[in-house]
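Colleague: Prediction below, plus the sequence it came from.
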Amino acid sequence: MTKQFEEITVEQGSYEIASSLDLRTSGLGPCVGVLVGFEDKVSMLHASMPDASDCPFFDELANAIPADARANVCPILAGCHTTSDNPDNNIINTRNWVIQELELRGFTNPIVRWGEGGDLAYHNLCTDMKQGIVTIKSGDHNARNAESFEQLPLWPRGET
């Protein structure tokens, strides 16, 4: 009998801290996704833009990971829905705020995967605890391009 693995969908404006279950979120257009792996747990935030500052995620994340370990933990950041020739300041400000909140708590080595694209560009994040990876799926409904996928380790240590 095959064991079914449970997963949690992290909706827009929501988060999970120190989960041992697979986490997934989708539709990271203007929103920012934060994924942090530590030991055998993962935490995820789907930060709405521009009201992300109302979220206690960063304080709870800091409580879940010892201060002396944070410099070696590499949060993975993802999001799309902006273009380099005409960036949306709310999106840029939210991204910068997320990085600042992580740095204030000692997470100094983020792996950043900002995507480019129009109003319908997106990233999805999905963890696979068994394999120890996160998959970042990218696409843009306007461009009708094929989706692309990137896999990163869930528990990176100072590598970008």
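Modeller: Received the coordinates, thanks. Residues are numbered from 1 along each chain as shown.
Colleague: make it CA atoms for all contacts and neighbour counts henceforth
Modeller: Noted.
Colleague: Tell me the buried residues in the lengthiest helix in the chain?
Modeller: Of all the segments of type helix in the chain, defined by DSSP state H, the longest one is helix 89-104. Buried positions in helix 89-104, judged by neighbour count with 16 or more other CA atoms under 10 Å: 91, 94-95, 98-99, 102.
Colleague: out of those, what pair is the most spread apart?
Modeller: Checked with CA to CA, those reach their widest spread between Ile91 and Leu102, with 16.9 Å between them.
Colleague: hang on, the earlier thing: following element in sequence after the longest helix of the chain, please.
Modeller: Later in the chain than helix 89-104, the nearest helix or strand by DSSP states H and E is strand 111-114.
Colleague: what comes up buried for that following strand?
Modeller: With burial defined by 16+ other CA under 10 Å, the residues of strand 111-114 counted as buried are 111-112, 114.
Colleague: Check stretch 14-30 too.
Modeller: Those would be 14-19, 21-30, for stretch 14-30 by 16+ other CA under 10 Å.
Colleague: ok, those vs Cys80, which is closest?
Modeller: Gly29 (4.6 Å).
Colleague: and the closest one, what does it touch?
Modeller: Under the criterion of CA atoms under 8 Å, 6 or more residues apart in numbering, the contact partners of Gly29 comprise 79-81, 119-123.
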